[in-house]
Structure formats: structure tokens, C-alpha cells
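A.B. asks: Could you look at this predicted model? Sequence included:
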Amino acid sequence: MASPIGSMNNVKIFVLYLMRNINYPLDFVTINEIVMQTDYIMYLDFAVAFHEMLDGELICEEGTNERGEPLYAVTSRGAMVAEQLRSDLLPSILDRSLACALRHLDFKRRGITVDCSSEPLGNQTFRVSFIIREKDKILMQTSVNVDSEYRSRQMRENFRERPDVIYRGILALLTGNVNYLFDK
């Protein structure tokens, strides 16, 4: 088992929890994408768990999407398993993962993509670049020079986890809606 979340049962509980709380059918690729929003589950573990959940009638096919691919939903049995066993996982892991999944689905629906990268500048400094695009329009593009690779990595991880919060924060700062920051 390679997933940081632990056993195959934990992987199933995690997936069932996300699917149950999203509360509408999703195709396999989208389920995989929302599960992969955090680093708690490895793809191979997800794939095995997914098929075991299908075989165990914890999830079922429920229609098809516009491309004719099957959509999957949690069965009543799967909902019961997710509810009864979710205490095996830390609530903070489940909450954070659900927030990431919901943001991903909203971003996907709107065609929003995020990207960030860093490059060394010399003297142990790094330029960290951030971009948020909605379809083919750039919503935000900025870069920051930082003093260490560690800080660069921290900023990239934070941006990947919460691009919506960072975007709203930058807008609030630039429009003056956070004047408490400027109090003396």
C-alpha cells in the first residue's frame, strides 16, 4: 500500500466521503481528479479501490455524461459505510480534501486552470510565478522573488491548495477592502 492515507479501507472511505458530499454522479476521470487534489491517495490504490467499490456495490453506474462515459454515484450501502467508518480518518483530512474537490469541480466547470512554477535567479533566490486562467483569458498573473528554495516550495504548495483564496486576497488588497492591514 503506497497511499499515505493507509489501508485500502481508508482509501475507499475517503473516496466514498468525497463522492457522497459532492452529491451528484461523476465520471471516472473526474472522480480520479478530485481524489488526486491532495496527496493522500496514490492512483493505483484509487483504481483498485474504485473497482472493489463497484464490485461491492458501494458505488454504481448512474447514467452517462455528454461523451457517453458512465457516471458513478454512491449507493445507499456506500453512504452507510462512509458515514459509519469516516471516524477512521482525521476530520481535517476529509474537510480539506472535500474543499479541494469542490474547488476543482467549480474551476473545471468554469474552465479555470492554475499554474505555478519557480526558477532560480542566483544568490540562492528564486522567482515564483503564478497564473490563473479562465478558459483562454488570464485572470491573474504575477511573480514574486523569494530568498530560499524552501519559501518558493511553500508558496507553490499554498497556491496549489488555495488558488481561489489567494486570488480573492489579492483582489481585496488591491481594491483596499482589507484596510486593517494598513492600520498603524
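C.D. replies: Here it is on my side, so go on.
A.B. asks: counting contacts, what elements does the helix or strand of the chain with the lowest mean pLDDT pack onto?
C.D. replies: Every helix and strand of the chain was ranked by mean pLDDT, DSSP states H and E. The lowest is helix 91-110, at a mean of 77. For helix 91-110, the elements it packs on are helix 8-22, helix 28-35, strand 112-122, helix 163-175, judged by 3 or more Cβ pairs under 8 Å, 6 or more residues apart in numbering; DSSP states H and E. For the C-beta atoms, the positions are set from N, CA and C on the backbone; glycine is no exception.
A.B. asks: Any regions of the chain where pLDDT drops low?
C.D. replies: 1-4, 86-90, 177-184 (pLDDT under 70).
A.B. asks: domains for it, by residue range?
C.D. replies: 8-110, 112-182 (automatic domain parsing).
A.B. asks: Any chance of CSV for those, columns mean neighbour count?
C.D. replies: Formatted as CSV, the domains of the chain follow (neighbours: other Cβ atoms under 10 Å):
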stretch, mean neighbour count
domain 8-110, 17
domain 112-182, 13
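A.B. asks: Out of the helices and strands packed on helix 91-110, which is closest to F46?
C.D. replies: helix 28-35 (5.2 Å; Cβ to Cβ).
A.B. asks: Kindly export the very next helix or strand once past the closest one (C-alpha atoms) in CSV.
C.D. replies: Elements were assigned by DSSP states H and E; along the chain past helix 28-35, the next helix or strand is helix 43-55. Extracted in CSV, the C-alpha atoms of helix 43-55 (Å, rounded to 0.1, in the frame of the first residue of the first chain):
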residue,chain,number,x,y,z
TYR,A,43,-3.5,6.5,-8.4
LEU,A,44,-3.1,2.7,-8.4
ASP,A,45,-4.7,2.5,-4.9
PHE,A,46,-7.6,4.6,-6.2
ALA,A,47,-8.1,2.4,-9.3
VAL,A,48,-8.1,-0.8,-7.2
ALA,A,49,-10.4,0.7,-4.6
PHE,A,50,-12.8,2.0,-7.3
HIS,A,51,-13.3,-1.4,-8.9
GLU,A,52,-13.7,-3.1,-5.5
MET,A,53,-16.3,-0.5,-4.6
LEU,A,54,-18.2,-1.2,-7.8
ASP,A,55,-18.0,-5.0,-7.2
